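Participant: How does the following fold in three dimensions:
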Amino acid sequence: MAHAQKFHRSSIVGLAIHYERRAGCELANKDIDINRSQYNYNLAQSMQPLRPEEFISKRLNEVKHINRKDIVVMVDWIVTLPKNLTEDDEQKFFESVFNFMKQEYGQDNIVSAWVHKDEKTPHIHVGFVPVIIDNNIEKLNCKKLITRTHLKNFHTRLTDYIEPLLGYRPEILNGATINGNRTIKELKNQEDICLQKAKNNIRDNIAVSKELATQAENIKYEGSLITKVKSLSQANKVIKELTISNKRLSIDNDKLIKIINVQKKEIDMYRVMPLARRVEEKEKVINNLYSSIENLEKRIDDHEYDIHDLQRRNLNLLKNKDKLERQLFIHESFLSLIGLENIFKEFKRIFLQNDLSINIRSIKDICSKTINKVTHMFDTLKERITFLDNHNLPDDELITNQNNNHTFKDLSR
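Facilitator: Okay, the predicted model is just below:
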């Protein structure tokens with residue numbers, strides 16, 4: 001059995017402690033027999049002597065990747081020793097798994113390959129950094145490397161690789177396949193129960209219908225002749241409807257009985273079906289599930305692209321907003337410096353009231369006020385410069401605004 005698990009950077013040290021059984025560190029797995037830990041070994045020790053966390057940091061500096069906390073930086077394949085393997089072939093099997101992983105994911109990306117013999121079943125942990133080659137550039141991308149199709153074909157490819165090396169086919173089973181055997185059986189049993197309940201319900205309805213029909217037929221009617229005739233007509237109508245319902249329920253009941261018999265035959269056929277045929281049938285179901293999952297992943301990718309696009313557009317809008325705010329600040333500062341704030345407000349009020357237009361008389365009045373204000377400001381600045389010259393003071397005096405409200409200090413001091 002082989003199983004893959006993905007890890008973020010924050011989980012690497014904890015996984016390394018489990019790999020190496022580091023002294024002084026508490027192990028979460030209580031099934032580990034510490035007395036047998038001395039028999040564990042790392043097939044990648046000579047090839048990659050660094051600690052996992054050190055090697056991953058080094059490798060990440062060499063490949064292109066997004067600097068995010070939730071990015072997958074390592075994948076761990078756990079391959080359990082098959083039950084049909086001879087004791088003499090155990091090490092050869094683990095070495096073959098290790099060589100297959102190097103070929104599959106690249107020797108430069110292998111973190112470690114620890115064989116654990118101190119747990120219930122011997123197994124190997126092969127950790128690697130998920131790196132792909134895109135336009136001759138190494139990139140960290142677990143999503144593109146470990147796809148559904150990749151996982152679906154992994155066990156077959158691994159078994160095909162190891163079989164000629166051992167001389168017989170190791171029984172490397174997928175955990176999903178094992179669960180699938182149990183699930184199919186449970187589903188069949190559950191279908192039998194549901195159909196049996198449905199059959200019982202139909203039988204109960206038939207019995208009730210017959211009872212109602214009997215009660216309707218045995219009604220004793222009292223009263224006038226007209227009343228008796230009406231009552232008899234209504235009773236006949238009820239009896240007719242119940243009879244039709246009874247026939248319908250009988251037909252449905254027969255159909256369900258046939259379905260149950262067919263399913264019983266299918267289950268019996270499944271039980272005697274060769275293992276290869278069972279696997280083939282389950283593979284069809286699994287392939288359909290993978291197709292559905294891949295479609296969902298494509299939709300998720302589309303949504304992620306839309307989100308990133310919206311984030312990019314939002315960032316551009318924020319940049320434009322900052323630019324406009326800066327331009328507005330400069331504009332308002334200029335009006336404040338010249339002393340035209342109030343004149344501009346008057347122009348804005350008239351302009352907006354007249355649907356973005358202004359008559360010639362109003363504009364003449366505003367221009368006149370602007371000339372007077374600018375002339376006054378010019379005279380003030382001229383007097384200030386003369387004062388500085390007469391007192392031998394530098395004429396590069398700065399004029400600053402007050403408190404970001406776009407108004408300036410008194411220039412006539």
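Participant: Report the secondary structure state of Val73.
Facilitator: strand (DSSP: H, G, I helix; E, B strand; the rest coil).
Participant: Nearest spatial neighbour of it, chain-adjacent residues omitted?
Facilitator: Closest residue to Val73 apart from its sequence neighbours, by Cβ to Cβ, 6 or more residues apart in numbering: Arg9 at 5.0 Å. Every residue, glycine included, has its C-beta placed from N, CA and C.
Participant: my guess is that neighbour meets Ile56, correct?
Facilitator: Yes. Contact criterion Cβ atoms under 8 Å: Arg9 and Ile56 qualify, at 7.3 Å.
Participant: So which of these two has more stuff around it?
Facilitator: Taking other Cβ atoms under 10 Å, Arg9 and Ile56 do not tie; Ile56 has more neighbours (22 against 17).
Participant: So that one versus Leu15, what's the distance?
Facilitator: Look at Ile56 and Leu15: by Cβ to Cβ, to the nearest Å, they are 10 Å apart.
Participant: Now the common contact residues for these two.
Facilitator: Met74 (Cβ atoms under 8 Å, 6 or more residues apart in numbering).
Participant: which residues are common contacts for Arg9 and Ile56?
Facilitator: Val73.
Participant: Near Ile110, how many other residues are there?
Facilitator: Ile110, neighbours per other Cβ under 10 Å, totals 21.
Participant: bridging residues for it?
Facilitator: Ile110 has these beta-bridge partners by DSSP bridges: Phe128.
Participant: The one 4 residues further on too?
Facilitator: As for beta bridges, Trp114 partners with Asn42, His125 under DSSP bridges.
Participant: what about it, how many neighbours?
Facilitator: Trp114 - counted by other Cβ under 10 Å - has 24 other residues nearby.
Participant: Correct me if wrong: it contacts Phe98.
Facilitator: No. Checked against Cβ under 8 Å, the pair Trp114 and Phe98 is beyond contact range at 10.2 Å.
Participant: Need the residues touching each of these two.
Facilitator: Common contact partners of Trp114 and Phe98 (Cβ under 8 Å, 6+ apart): 43, 124.
Participant: show me where pLDDT drops low in the stretch 51-200 of the chain?
Facilitator: Flagging of the stretch 51-200 of the chain using pLDDT under 70 yields the residue ranges 173-200.
Participant: hey, where'd the helices end up in this protein?
Facilitator: Secondary structure of the chain, counting by DSSP state H: helices at 12-20, 52-62, 90-105, 142-145, 148-166, 175-217, 225-272, 275-338, 341-353, 360-390.
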